[in-house]
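1. Fold the following for me, if possible:
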Amino acid sequence: MSLKEWAIANGVHPHTAYRWFREGMLPVPAQRVGPRTILVNIDANT
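-> The predicted structure is shown next:
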């Protein structure tokens, strides 16, 4: 799932989610897979 999709589904603004990702504060594992793509691993949230 993309970071933007995750943010919208969880009631967080996408800019806030990206800031959390940059600062290492995102509550779920995520990784950058391209110059503009960040994927969130929602299965590891358990």
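2. contacting residues around Arg36?
-> Neighbouring residues of Arg36 by CB atoms under 8 Å, 6 or more residues apart in numbering: there are none. (C-beta placed from N, C-alpha, C; glycine too.)
3. helix/strand/coil for it?
-> The three-state assignment at Arg36 reads coil, by DSSP: H, G, I helix; E, B strand; the rest coil.
4. how close does it get to Ala9?
-> Noted for Arg36: a distance of 20 Å to Ala9, by CB to CB, to the nearest Å.
5. Could you do Pro29 as well?
-> For Pro29 relative to Ala9 (CB to CB), the value is 16 Å.
6. again, but for Tyr18
-> For Tyr18 relative to Ala9 (CB to CB), the value is 15 Å.
7. Looking at the two, which is more packed in?
-> Using other CB atoms under 10 Å as the criterion, Tyr18 and Ala9 rank with Tyr18 on top: 17 against 11.
8. Apart from its chain neighbours, what residue comes closest to the more buried one?
-> Leaving aside its chain neighbours, Tyr18 sits nearest to Leu3 (6.4 Å; criterion: CB to CB, 6 or more residues apart in numbering).
9. quick one: pLDDT of Thr46?
-> On pLDDT, Thr46 comes in at 50.
10. list the contacts for Trp20?
-> Per CB under 8 Å, 6+ apart, neighbours of Trp20: Val12, Leu26, Pro27.
11. Let's see that with 10 Å instead.
-> Each residue near Trp20 by CB atoms under 10 Å, 6 or more residues apart in numbering is listed here: Leu3, Ala7, Val12, Leu26, Pro27, Val28, Ala30.
12. List just the nearest of the residues you listed to Ala44.
-> Val28 (6.9 Å; CB to CB).
13. So the closest one lies in a strand, does it not?
-> No. The assignment for Val28, made by three-state DSSP, is coil rather than a strand.
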